[in-house]
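In: I need the structure of the sequence given here:
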Amino acid sequence: MESELLFQRIDAEREEAVARGRAFFDCPELGFQETETARKICALLDGWGVPYHAGVALTGVVATIGSGGYHVAVAADMDALPRKDGQGNLHACGHSIQVANALTVLHALVPEARQGTLGGRVSFFFTPAEELTDMEGRAALIASGKLLGRSGKQDMIARGWFDDVDCVLSCHANADPGRGFDVDSVLTGFLLKRAVFHGRAAHSGAAPHLGRNALHGAVLAETALGLLKDQFAPDNCVRIQPVIGGVTGGINVIPDTAALETYVRAVSREALLDAAGRFDACVGGCAAALGLSAELSTAPGYLPLNQSPILNRAVEKNMLRFVSPEQITHRPVSGASGDVGDLGTLLPTVQFGFSGIDGAFHSDTFSVRDEEHCYLTAAKVLAGTVADLLSRPEYQVKSERYHEEKRRYLSDWLGLSEKG
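Out: Reported below is the predicted structural model:
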């Protein structure tokens, strides 16, 4: 399979590829609510005669072409975010671009699959709910048995959808103002931490000394965590940015309950667990100092992303078809996280970055500036990498310990036993 032939097919449907990108960008839906996005994906697959499974992880779609041989997964997030102005939702992290590019690559590969010349299998995973929002709603879905994980990829992993996959490819928009790419980016992992301080209510004017102010506990802990940050090694990229809420009482009542919530982030699992333990100790010490009690809870977020060096070489080789070496950023470190990190713990994984965006991520200013680069060039890099992986054995890296690592992941991280 020749990469140049795939590039020609992508160029031949340039208008259709850009139109798909615009259509998905204009269809922003929140996690596990991506019903219209899924419908659009399935309609295209039906039109192309590609078999698929719908309703995976509630709203996800999985389509596989080819047979036998090396098995490549292309993962694309589906969900959007609520607008900050309250006026609906917005694809403020560029997930719609991932969906559009995956479909463009799939369509370019269809003729090879029909002719039996693909050289292996490619599965396209359209995964819901990468943004970890609405924690109460997701906890309810887990409690009811509808989900096994808080995100689409976590649920798919738990249910065995990745069990016969050899590697994972993904791409994501980045904040580079130029027209380039990044490879081997570092994403932090995180845990969700919640501390509820309990005190004693009292009249704030007549007898404040009889109360124990729970809000003071949360404020003291927030201050202490700010001072604690200096003790974390910079290379570990520890991030703790708490918010305070759930305060009871009123202007004349000493609050007897207050909650402090945060993500605890770090670039390695070891650093993450260390920071989480120190968070707990900080909360406990602040509560004790003020005569309060503190109720701590922890929920799994996402694991740090560790990328495959071999797959990154294949990706960079294809980037260099379109940009100069100076336009490729190597190993940028981000405080952001993604459930692609969970896949990277189990399987050889890459997520390369592409520029072409205006505005800030996760804000109402986000927009696609360079449609050519986002919807065509990035798709060609993805397509060329798939072609290399299926035709060049030196790139065909696999995990020899997948099932062992999956059992550990399910039990230690998600708190589950392995599901078939």
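In: for the host helix or strand of His403, name the packing helices and strands.
Out: Here His403, judged by DSSP states H and E, is contained in helix 402-408. Counting contacts by 3 or more C-beta pairs under 8 Å, 6 or more residues apart in numbering; DSSP states H and E, helix 402-408 packs against helix 340-346. For glycine as for every other residue, the C-beta is placed from the backbone atoms N, C-alpha and C.
In: elements contacting the helix it packs on?
Out: Other elements packing on helix 340-346 under the criterion 3+ C-beta pairs under 8 Å, 6+ apart are helix 152-158, strand 167-173, strand 349-354, helix 402-408.
In: how about low-confidence regions in the protein?
Out: Low-confidence segments of the chain, defined by pLDDT under 70: 417-420.
In: do that again at 80, thanks
Out: Within the chain, the stretches with pLDDT under 80 are 1, 417-420.
In: and the helices in it?
Out: Ranges of helices within the chain are 3-12, 14-25, 35-48, 95-115, 135-143, 152-158, 214-228, 269-289, 309-319, 340-346, 371-372, 378-391, 402-408, based on DSSP state H.
In: and the ones you listed as CSV, adding distance to Gly250 and mean neighbour count?
Out: Below are those laid out as CSV (distance: least, C-beta to C-beta, whole Å; neighbours: other C-beta atoms under 10 Å):
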stretch, distance to Gly250, mean neighbour count
helix 3-12, 61, 16
helix 14-25, 44, 18
helix 35-48, 42, 16
helix 95-115, 42, 23
helix 135-143, 25, 14
helix 152-158, 40, 27
helix 214-228, 12, 20
helix 269-289, 22, 18
helix 309-319, 56, 20
helix 340-346, 43, 24
helix 371-372, 53, 14
helix 378-391, 53, 25
helix 402-408, 48, 15
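In: now the spatially most central residue of the chain. Nearest residue, chain neighbours left out?
Out: Nearest to the geometric centre of the chain sits Gly338, at 2.5 Å (C-alpha atoms, centre = their mean). For Gly338, ignoring the flanking residues on the chain, the nearest one in space by C-beta to C-beta, 6 or more residues apart in numbering is Leu187 at 5.6 Å.
In: contacts only, for that neighbour.
Out: Neighbouring residues of Leu187 by C-beta atoms under 8 Å, 6 or more residues apart in numbering: Val267, Pro304, Leu305, Ser334, Ala336, Ser337, Gly338, Val340, Gly341, Gln351.
In: tell me the contacts of the first one?
Out: What it means is Val267. Applying C-beta under 8 Å, 6+ apart to Val267 gives the contacts Val186, Leu187, Thr188, Gly189, Asp235, Asn236, Cys237, Pro304, Val333.
In: can we see that at 7 Å?
Out: Contact analysis of Val267 by C-beta atoms under 7 Å, 6 or more residues apart in numbering lists Val186, Thr188, Asn236, Cys237, Pro304, Val333.
In: which residues touch the nearest residue to it once chain neighbours are set aside?
Out: In space, Val267 comes closest to Cys237 once its chain neighbours are excluded; the distance is 4.5 Å by C-beta to C-beta, 6+ apart. For Cys237, the contact set (C-beta under 7 Å, 6+ apart) comprises Thr188, Ala266, Val267, Val333, Gly335.
In: need the max-distance pair from those residues.
Out: Ala266 and Val333 (11.4 Å; C-beta to C-beta).
In: more neighbours: the two, which one.
Out: Neighbours were counted for Ala266 and for Val333 using other C-beta atoms under 10 Å; Ala266 has more, 27 against 12.
In: ok, Val186 - how many residues close by?
Out: 18.
In: is it bridged to anything, and to what?
Out: Val333 (DSSP bridges).
In: does it touch Arg331 like I think?
Out: Yes - with contact defined as C-beta atoms under 7 Å, Val186 reaches Arg331; the gap is 6.3 Å.
In: how close does Leu187 get to Arg265?
Out: Distance of Leu187 to Arg265, computed by C-beta to C-beta, to the nearest Å: 9 Å.
In: overlap in contacts, those two.
Out: Joint contacts of Leu187 and Arg265 (C-beta under 7 Å, 6+ apart) are Ser337.
In: mind listing what the residue nearest to the centre of the chain touches?
Out: Contacts of Gly338 (C-beta under 7 Å, 6+ apart): Glu130, Leu187, Tyr302, Leu305.
In: now do Val253
Out: So Val253 contacts Ala201, His203, Ser204 (C-beta under 7 Å, 6+ apart).
In: dihedrals phi and psi, the last one?
Out: Geometry field for Ser204 lists phi and psi as phi -70, psi -20, criterion degrees, to the nearest 10.
In: please report how far it lies from Phe24.
Out: Distance, Ser204 to Phe24, by C-beta to C-beta: 52 Å.
In: for the helices and strands packed on helix 340-346, which one sits closest to Gln98?
Out: Of all the helices and strands packed on helix 340-346, it is strand 167-173 that lies closest to Gln98, at 6.3 Å by C-beta to C-beta.
In: would JSON lines of the contacts of Val267 with distance to Val381 be doable?
Out: Shown next, in JSON lines, are the contacts of Val267 (distance: C-beta to C-beta, whole Å):
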{"residue": "Val186", "distance to Val381": "20"}
{"residue": "Thr188", "distance to Val381": "25"}
{"residue": "Asn236", "distance to Val381": "31"}
{"residue": "Cys237", "distance to Val381": "26"}
{"residue": "Pro304", "distance to Val381": "24"}
{"residue": "Val333", "distance to Val381": "22"}
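In: residues contacting Met319?
Out: So, once contact is read as C-beta under 7 Å, 6+ apart, Met319 ends up touching Phe181, Ile328, Val381.
In: switch to 8 Å and redo it
Out: Residues near Met319 by C-beta under 8 Å, 6+ apart: Phe181, Val183, Ile328, Phe352, Val381.
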